[in-house]
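Participant: With the sequence up front, the predicted model follows.
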Amino acid sequence: MQNDELLYAASQLARHLRRSGVQWMPGPDAEKVAQLADSFQPPDAHPPSATQSASPSKPAPPPAEGPRKSAASRAAGRGESGRRPAASPPDRLGDATRSRLAGVPPMEVSDGPYPGESLSAPQRLEVMEGLAATVAQCQRCPHLASCRKQTVFGEGSVTPRFAFFGEGPGADEDRTGRPFVGRAGQLLTKMIEACTLRRDDVYILNTVKCRPPGNRNPEPTEIENCREYFTTQLSTLRPEYVVCLGAIAAQTLLQSKLSVGRLRGKLHRYFDSKVLVTYHPAYLLRNPSAKRAAWEDLQLMLRDAGIRAGQ
């Protein structure tokens, strides 16, 4: 097993453990990886040391009697039984991937850069307008499509540093076609302004583009039907930070089953974007005591972004 393959396997294991709730893992140790890789090499792959060369060699043991073959003979003769020797595993990591993994902190395994090239502002606007027209005609969820007034695609700057990612439209959003315009939206606007930003500076979107009846949580199939839409939005906008508002948004984007309480308090990674998890404004309206915790979350992001806001 080569060093690259061990790094690849370790990164996959770290991602799996993170989604399972493990909070800490030791960082990678290149020297230990090399030692472990060497232990898998066949004996003849290691040249004898100077000490070994100078010492007298031990006599070879007598050949085994009977039909039993030596290990070398068995390895060479596996073709007789129709079994082909195992091929060397392919090198699945390039230099760029190895460099990324080497700089990844514990438990924050990156998915790598956003696919494709970064578009100019006019190109982004063109892509978003075309996608919005597609979403407006979407029938992937027949029940949602039959009871919606209109889809709620998203709005804001096409070159945002920050994106706010929510759950789904409510009654006011379904009526206006705009995200976060009801009571929860008014609170979100205040949260954005507390960060010394304006709504026009950021981008606001949801996991699903149609209002679930009765403001229920989106079904997993409904989220999956919309996944292509919101992932295209994010890969087009490429915000530096994505703020996940509530459990549905956080679990969907990070593909985790952990609660907001377990996910908040640190920055996660989604491609090139840093991801902050905090409480949904609707939850804060029902539980005003959680507003302080939400503000602490936003301050964590602002410190990382080099922005000073009111205490």
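Facilitator: Noted; the coordinates are in hand. Residues are numbered from 1 along each chain as shown.
Participant: Identify the residues contacting Ala282.
Facilitator: Arg183, Ala184, Gly246 (Cβ atoms under 8 Å, 6 or more residues apart in numbering). To be clear about C-beta, it is placed using only N, CA and C from the backbone, and glycine gets the same treatment.
Participant: All the strands of the stretch 51-200 of the chain, in order from the start?
Facilitator: With DSSP state E, counting those that start in this stretch as the criterion, the stretch 51-200 of the chain has strands at 155-156, 162-166.
Participant: so can I have JSON lines of the ones you listed showing distance to Pro213, mean neighbour count and mean pLDDT?
Facilitator: Listed next are the strands of the stretch 51-200 of the chain as JSON lines, based on distance: least, Cβ to Cβ, whole Å; neighbours: other Cβ atoms under 10 Å; pLDDT from 0 to 100:
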{"stretch": "strand 155-156", "distance to Pro213": "23", "mean neighbour count": "20", "mean pLDDT": "98"}
{"stretch": "strand 162-166", "distance to Pro213": "18", "mean neighbour count": "27", "mean pLDDT": "98"}
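Participant: got CSV for these, with distance to Thr278 too?
Facilitator: Putting those into CSV (distance: least, Cβ to Cβ, whole Å) gives the following:
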stretch, distance to Thr278
strand 155-156, 18
strand 162-166, 10
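Participant: so which of the ones you listed comes closest to Tyr114?
Facilitator: Minimum separation from Tyr114 across the strands of the stretch 51-200 of the chain (Cβ to Cβ) falls at strand 162-166, 12.7 Å.
Participant: Can you spell out which helices and strands pack onto the closest one?
Facilitator: Applying 3 or more Cβ pairs under 8 Å, 6 or more residues apart in numbering; DSSP states H and E, we find strand 162-166 packed against strand 203-206, helix 220-237, strand 241-245, helix 247-254.
Participant: Identify whichever of these lies nearest to Ala133.
Facilitator: Of all these, it is helix 220-237 that lies closest to Ala133, at 11.8 Å by Cβ to Cβ.
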